[in-house]
Structure formats: structure tokens, C-alpha cells
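A.B. asks: need the 3D shape of this:
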Amino acid sequence: MSADHHHLAVTASQGFRLADHDPAEKPHVTKAQAAKRLAVAAESIGHAQDTMAAVNTWSLLAIFQGMDSSGKDGTIARVFAGVNPAGIRVTSFKAPSSGERAQDFLWRIHAACPPSGQIGAFNRSHYEDVLVPRIHPDILPLDRLPPSLCGADIWRHRLDDIAHFERMLARQGTIVLKFFLNISRDEQRQRLLDRLEQPNKSWKFAPTDLTERQYWDAYQEAYDETIAATATHHAPWFIIPADRKWHARMAVAEIIADRLKALDLQAPEPNAAQREAFAAARLALES
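C.D. replies: All right, here's what the predicted structure looks like:
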């Protein structure tokens, strides 16, 4: 990983607090330099996915979490701009349907994980199930759990389940990278105002944006515990300073590109039978 981004990684729980991470961290590059670096990293990710598809053993799951208007959509679009659409699947998780609630909370998540050779990007994820119902207790009964299992320990139990789930994915050859787009409350306010004032953005505004904003401190505390409980070497969190979108996108792209590069994947060499078949095909085409 680039030295510029080492300090963004969280791989252990000791002493983690979002308050210790500056959403407006001053970048070491200009906006123009960041745009060039983003383009290079996005192209590198695209080439890496091509090779990953040829090797067909590894996969990558990039998970994006953050408060409303933190920039998840735009980051995903630009970071993976160089990937063949056939090689990536983006899943945006909304509130579970009635049928999904009849299953365990990880059921729909597991079904959306990328197969070998592909990239998966989650716009929100299983982490919503230890955040939203915690802030809004009236949601949890919709999951149809036995009352005896809905006590104060349920969040710790779910976090344990998530940690084990991500370990299982890693052991199956899925690289799990988790990005928290860390936006300040003041910057969120400005972005919500922009949505209201700009016609091409107003469709993004929802009344719930203001409702959830009232729970800002509660969400920050919930994220503190969530990130601390699930940050590991095999599924690290990256706390991305997101008040400057251009800085956040560059950082995410370079972290992913560096992780894929570290695999040192090489396209498979054809065997003798394949080389013979290729030679015959070449003669047929040339004639």
C-alpha cells in the first residue's frame, strides 16, 4: 500500500475512535494531481481484473459505508471506471424485503458476494444490520427473531457473526476491503443543501436524510463499536477522509490497486495441446 494511505487502515480494535480521524485531512497532492493518480489507479484495477478473470481463483469485495451524502455512489463509479462491466457487480442494499427478513441477516449478503475472477462492490452492506436497527429499535422486531434472542447482546453477536463471515470469505479467496467514507457534519449539511438547490441533484434528496441527520452522534458511536469489532488483517477497514471527494476517490482507488498488484497474478500460459490448437486456428484463419 502507498505510504500516503497506511495511516487510513484499521486492522485492530484497540483504542479506535472515529473522532481521531479528520474528515477534512489536508491532502499531500493537488486536485489535478489526484485526478491523474485516480485515472492511473482505475486503469490498473481494470487490468488486474482482466488477469483475475483469466486466473479465476481470487475475487475482490469492496464494501462502502458512510453517512448519507458521503459520496459512495460517485466513488464506486469513478474507482471502477476502468473495469470491464462483465467483471464487476455493484449491489446497493436497501431495507430488507419481507422475504429477506425471513432469512438470517447475512443471507442476502452472501448471495451477492463476487464469484472467483470478479469484483463485487457493496453500496451499504451487512453493516446496516448492526447500525440502523440499533438506532431505531422499532426495526428489529421486523426480523421475526425469538424475543429471547433480542436482548442487549444481539449487536455483539451480530458483529461476531460478521467477523466470522468475512474470515470465511477470505479463506475462500475473496479479498475483503472495507471503506468508511468519513464526512463531517458540516460538509454533509452543505451537500444536502446542494441537492436542494441544484435541479440535477434534487432527485437525490429524501426527507429521511434530515431525519437520520438528527441521529448523527448515535451513528458515530455505533460506527466506533462496529469498526473496532470487525477490523482485522484479512478484512481491514479504511477510514477515508471524504470532505474532499477528489481526495477520497484517489485514496480508495490506490488502496484497491495496490492490494490487487500485491497478488502478483499472471495470466496462465497455454499448455502444449492449446498451443497446437492455436497454431491450427492461425493456419485456418490465414488461409
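A.B. asks: okay, Ser97 and Ile109: tell me how far apart.
C.D. replies: Per C-beta to C-beta, to the nearest Å, Ser97 is found 14 Å from Ile109. Where C-beta positions appear, they are placed from N, C-alpha and C, glycine not excepted.
A.B. asks: run the chain-centre distance for stretch 203-213.
C.D. replies: 22 Å (C-alpha atoms, centre = their mean, to the nearest Å).
A.B. asks: in what helix or strand does Phe122 lie?
C.D. replies: Secondary structure assignment for Phe122, by DSSP states H and E: strand 119-123.
A.B. asks: give me phi/psi at the residue nearest to the spatial centre of the chain?
C.D. replies: Central residue of the chain (C-alpha atoms, centre = their mean): Ile63, 1.8 Å from the mean position. With angles defined as degrees, to the nearest 10, Ile63 sits at phi -110, psi 130.
A.B. asks: assess the claim that it and Val176 are in contact.
C.D. replies: Yes - using C-beta atoms under 8 Å, Ile63 is in contact with Val176, at 7.1 Å.
A.B. asks: all strands of the protein, in order?
C.D. replies: 9-10, 59-66, 88-92, 119-123, 174-182, 237-241 (DSSP state E).
A.B. asks: which helices and strands sit right next to the third one?
C.D. replies: Other elements packing on strand 88-92 under the criterion 3 or more C-beta pairs under 8 Å, 6 or more residues apart in numbering; DSSP states H and E are strand 119-123.
A.B. asks: likewise the last one?
C.D. replies: With contacts defined as 3+ C-beta pairs under 8 Å, 6+ apart, the secondary structure elements packing on strand 237-241 are strand 9-10, strand 174-182, helix 216-230, helix 245-262.
A.B. asks: the helices in this structure, which residues?
C.D. replies: 31-55, 72-79, 98-101, 107-111, 132-135, 154-171, 185-197, 207-213, 216-230, 245-262, 272-286 (DSSP state H).
A.B. asks: who touches the helix-or-strand element of the chain with minimal mean pLDDT?
C.D. replies: The weakest-scoring helix or strand in the chain, judged by mean pLDDT, DSSP states H and E, is helix 207-213 (a mean of 87). Helix 207-213 is contacted from outside by Met67, Asp68, Ser69, Arg185, Gln188, Arg189, Leu192, Arg195, Tyr219, using C-beta atoms under 8 Å, 6 or more residues apart in numbering.
A.B. asks: one more time with 10 Å, if that's ok
C.D. replies: 67-69, 132, 135-136, 185, 188-189, 191-192, 195-196, 206, 218-219 (C-beta atoms under 10 Å, 6 or more residues apart in numbering).
A.B. asks: could you dump the strands of the chain to a markdown table with distance to Ala272?
C.D. replies: A markdown table is the format used below for the strands of the chain (distance: least, C-beta to C-beta, whole Å):
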| stretch | distance to Ala272 |
| --- | --- |
| strand 9-10 | 44 |
| strand 59-66 | 30 |
| strand 88-92 | 34 |
| strand 119-123 | 32 |
| strand 174-182 | 33 |
| strand 237-241 | 45 |
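A.B. asks: of those strands, which is nearest Arg37?
C.D. replies: Nearest of the strands of the chain to Arg37, taken as C-beta to C-beta: strand 237-241 at 14.6 Å.
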